[in-house]
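Chemist: What follows is a predicted protein model with its sequence.
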Amino acid sequence: MTQVVVPLSNPEPRFLIAGSEHAKAAGADLVEVRLDLCLAEGGSAAGILACLPSLALPAIVTLRHCREHGSWDGSEDERLALYAQADAAGAAWIDRELVFHAARPWRPKRARLILSYHDFSGPGAALVDKIMAMRACHADLAKVAVTPHDAADLDGVRRLVDGDGPVAAMAMGEHGLPSRLLAGVWGSALVFARLPGDAGSAPGQPTTDDLLGMCRLRAQTPATAVYGVIGSPIAHSLSPLVHNLAFAHHHLDAVYAPFRVEDAPAFWDACGSWIRGLSITIPHKHALQGRMDDLEPLCDLVGAMNTIYRRDDRLTGANTDADAIRRCGERAIGELNDRRVLVLGAGGAGRAAVFALKAAGAQVALANRTTARAEELAREVGCRAVPWQSLASEPFELLVNMTAVGLKAPTDTPWPHLFPSGSGVFDSVYNPLETRLIRDAAAAGCRTVLGLDMFIDQACAQFRRWTGLEAPAELMRAACLKRLGG
Ligand code: NAP
């Protein structure tokens, strides 16, 4: 069973005790008292160690040297003396770096011994040998924490848990986050998580809420199906929130993690075999088509893929943005066949929109700030291109914004013109939730559809492909609204 550890580094014993109580309330099993950080902040070793028995959870005591990215710069004799005091004071575990232990073996009398290896700048080398060395030194637990260059390196960390003895294996930084969120699937003995609002003690530690709540660590087993989203950047993605919620809603043994990926083919080649289904976002929507056995026709037509699912052991690529755009268009004006639709934007989302709306039978006109791009896409799709400068006089029944105008800019709008009466307006931008375009359109009496609806629709279409089930769209929407502050 994976144990959750919350690191504490406050120099004041009463705050350490309070931190341990918060960690317990958050569902943690252990705290790690980072004695080096506490001392660097002016704490007294005697005071800190004396409070160990008053902590609400058993403690790992760690005194990491400056040379190991810690704050301790005393001698090894002094460090061993402090470790001996921590052992006598009631530490449950002592964490010592393998390299120091190998040079000068030492064992606590009462506590258990973690031997650890860290690489703060790379994915490490000969990690299996290091774990063997830790076991040869009679470590009660072998711990390895490395820094992947890219998410492809995660597979090497996953394989460290070998079943021959307890191993805590983790990858640091944003590229390493899945190793922590999937710790229960991979079988890591420990996972470090920070309390919400705390900085944590190493780069990339998730919050206890994300680990225990969103990713349901306690329910994870090696049989849990792994799903995820790849992109760069990825930290802003709402996909882990909505898909984990949908898996929990249906009581499915599955978890969904955000993978920050720079090289998508390398990631898929290394990790694809243990990933059941994938969402794909910018900049990788063109990267993995060549790895698929089949592409859905609309995905093939659009030339961009945002979903991978497995059907009869065949890998299939889909574009659920295109599905969602069609649905959002219908939500705004009903049946699309033969209706006049004006699409703004010829980027990736605009491309999905014109193909999807054309496939639904709409009479599509396309405008883009860079005219040549609109003309090229219009030629490919077989629709009309409209110059950006003459948009004001363009008639439409449905206006679809697929530009980035309005994104994080509440006063910008791609449509500073009048709206034809009775028209519908669909804005793909969902941050802010209600853009100026949506506000202006609603004020003009138009039927409006938000970018959040498209996001939820494309996620539901992914969930359907992965599970054959309907996702709880309203719950997902409410969770996004809460996260986005709507
Ligand atoms: P993209 O490929 O980078 O395309 C950006 C588009 O915005 C281009 O057409 C670009 O025109 C246009 N643009 C940017 N700044 C502009 C400005 N100041 N004035 C006029 N046009 C401007 O991005 P994308 O992937 O297509 O995404 C576009 C939008 O769709 C984003 O806002 C994104 O949030 C949204 N989106 C939403 C969802 C959802 O689920 N709701 C899903 C995907 C995308 P040029 O060609 O002239 O540069």
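Modeler: Perfect, thanks for sending it.
Chemist: What are the neighbouring residues in contact with the residue of the stretch 301-450 of the chain found nearest the ligand?
Modeler: Nearest residue of the stretch 301-450 of the chain to the ligand: Gly347, at 1.9 Å (Cβ to the nearest ligand atom). Where C-beta positions appear, they are placed from N, C-alpha and C, glycine not excepted. If you count contacts by Cβ atoms under 8 Å, 6 or more residues apart in numbering, Gly347 has them with 368, 402-404.
Chemist: Ala442 now?
Modeler: Contacts of Ala442 by Cβ under 8 Å, 6+ apart are Thr448.
Chemist: now Val429
Modeler: Taking Cβ under 8 Å, 6+ apart as the test, what Val429 contacts is 401, 404-407, 435, 437, 451.
Chemist: Secondary structure of it: a strand, I assume?
Modeler: No - going by DSSP: H, G, I helix; E, B strand; the rest coil, the assignment for Val429 is coil, not a strand.
Chemist: picking up where we left off before, kindly indicate which of the contacts of Val429 lies nearest Ala81.
Modeler: Of all these, Ala81 sits closest to Leu407, with 57.1 Å by Cβ to Cβ.
Chemist: did I read that right, that closest one in a helix?
Modeler: No - counting by three-state DSSP, Leu407 falls outside a helix, being coil.
Chemist: Please state the backbone phi and psi of the residue nearest to it when sequence neighbours are not counted?
Modeler: Once flanking residues are discounted, Leu407 sits nearest to Val429: 5.0 Å by Cβ to Cβ, 6 or more residues apart in numbering. Here is the backbone geometry of Val429 (degrees, to the nearest 10): phi -70, psi 130.
Chemist: ok, so what distance separates Val429 from His236?
Modeler: 14 Å (Cβ to Cβ, to the nearest Å).
Chemist: Please identify which helix or strand holds Leu278.
Modeler: strand 277-280 (DSSP states H and E).
Chemist: cool, and Val364?
Modeler: Per DSSP H and E: strand 363-367 holds Val364.
Chemist: how far is the helix or strand following that strand from where the chain is centred?
Modeler: Using DSSP H and E, the helix or strand that follows strand 363-367 in sequence is helix 371-381. Remark: helix 371-381 is offset 34 Å from the chain centroid, using Cα atoms, centre = their mean, to the nearest Å.
Chemist: re the thing from before, run through the contacts of Val429 and flag the ones next to the ligand.
Modeler: 404-405, 407, 451 (Cβ under 6 Å from any ligand atom).
Chemist: one step back: out of the contacts of Gly347, who's nearest Pro178?
Modeler: Closest approach to Pro178 among the contacts of Gly347 (Cβ to Cβ): Ala404, at 28.0 Å.
Chemist: secondary structure class for that closest one?
Modeler: Assignment for Ala404 (three-state DSSP): coil.
Chemist: count of neighbours near Thr435?
Modeler: When counting by other Cβ atoms under 10 Å, one arrives at 28 neighbours for Thr435.
Chemist: what's the closest non-adjacent residue to Asp36?
Modeler: With sequence-adjacent residues excluded and distances taken as Cβ to Cβ, 6+ apart, Asp36 is closest to Trp72, at 3.9 Å.
Chemist: mind listing what Val191 touches?
Modeler: 2-5, 168, 170, 180, 183-184, 211, 217.
Chemist: biggest helix in the protein, by residue count?
Modeler: As assigned by DSSP state H, the longest helix anywhere in the chain is helix 451-467.
Chemist: What's the mean pLDDT across it?
Modeler: Averaged across helix 451-467, the pLDDT comes to 98.
Chemist: helices and strands around that helix, which ones?
Modeler: helix 239-249, strand 277-280, strand 307-311, strand 314-318, helix 320-333, helix 473-484 (3 or more Cβ pairs under 8 Å, 6 or more residues apart in numbering; DSSP states H and E).
Chemist: Make CSV from those and add distance to the ligand and mean neighbour count to it.
Modeler: Output for those, formatted as CSV (distance: least, Cβ to the nearest ligand atom, whole Å; neighbours: other Cβ atoms under 10 Å):
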stretch, distance to the ligand, mean neighbour count
helix 239-249, 10, 22
strand 277-280, 11, 25
strand 307-311, 12, 20
strand 314-318, 14, 19
helix 320-333, 5, 24
helix 473-484, 11, 15
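Chemist: Could you save these as a markdown table and add columns showing distance to Asp87 and mean pLDDT?
Modeler: Below are the helices and strands packed on helix 451-467 laid out as a markdown table (distance: least, Cβ to Cβ, whole Å; pLDDT from 0 to 100):
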| stretch | distance to Asp87 | mean pLDDT |
| --- | --- | --- |
| helix 239-249 | 40 | 98 |
| strand 277-280 | 46 | 98 |
| strand 307-311 | 50 | 96 |
| strand 314-318 | 52 | 97 |
| helix 320-333 | 55 | 96 |
| helix 473-484 | 44 | 96 |
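Chemist: what would the ones you listed look like in TSV with distance to Arg110?
Modeler: Conversion of these to TSV gives the following (distance: least, Cβ to Cβ, whole Å):
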stretch	distance to Arg110
helix 239-249	40
strand 277-280	47
strand 307-311	50
strand 314-318	52
helix 320-333	56
helix 473-484	45
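Chemist: among these, which is nearest Gly228?
Modeler: The nearest among these, by Cβ to Cβ, is strand 277-280 at 6.0 Å.
Chemist: Against which helices or strands is that closest one packed?
Modeler: If contacts are counted by 3+ Cβ pairs under 8 Å, 6+ apart, strand 277-280 sits against strand 225-231, strand 307-311, helix 451-467.
Chemist: Arg327 is nearest to which of those?
Modeler: Among those, the nearest to Arg327 by Cβ to Cβ is helix 451-467 (5.0 Å).
Chemist: The closest one: which residues count as buried?
Modeler: For helix 451-467, burial by neighbour count (16 or more other Cβ atoms under 10 Å) applies to 451-463, 465-467.
Chemist: and for Val429 and His236, which residues touch both?
Modeler: Between them, Val429 and His236 share no contacting residue under Cβ under 8 Å, 6+ apart.
Chemist: before we move on, the earlier item: kindly export the strand holding Leu278 (C-alpha atoms) in CSV.
Modeler: These are the backbone C-alpha positions of strand 277-280, laid out as CSV (Å, rounded to 0.1, in the frame of the first residue of the first chain):
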residue,chain,number,x,y,z
GLY,A,277,-6.7,6.1,-23.5
LEU,A,278,-5.3,9.5,-24.2
SER,A,279,-6.4,13.1,-24.7
ILE,A,280,-4.1,15.2,-26.9
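Chemist: Which strands border that strand, and is each parallel or antiparallel?
Modeler: strand 225-231 (parallel), strand 307-311 (antiparallel) (DSSP bridges).
Chemist: Now render those strands as TSV, adding distance to Leu418.
Modeler: Formatted as TSV, these follow (distance: least, Cβ to Cβ, whole Å):
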stretch	distance to Leu418
strand 225-231	37
strand 307-311	38
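Chemist: Understood, closing this out.
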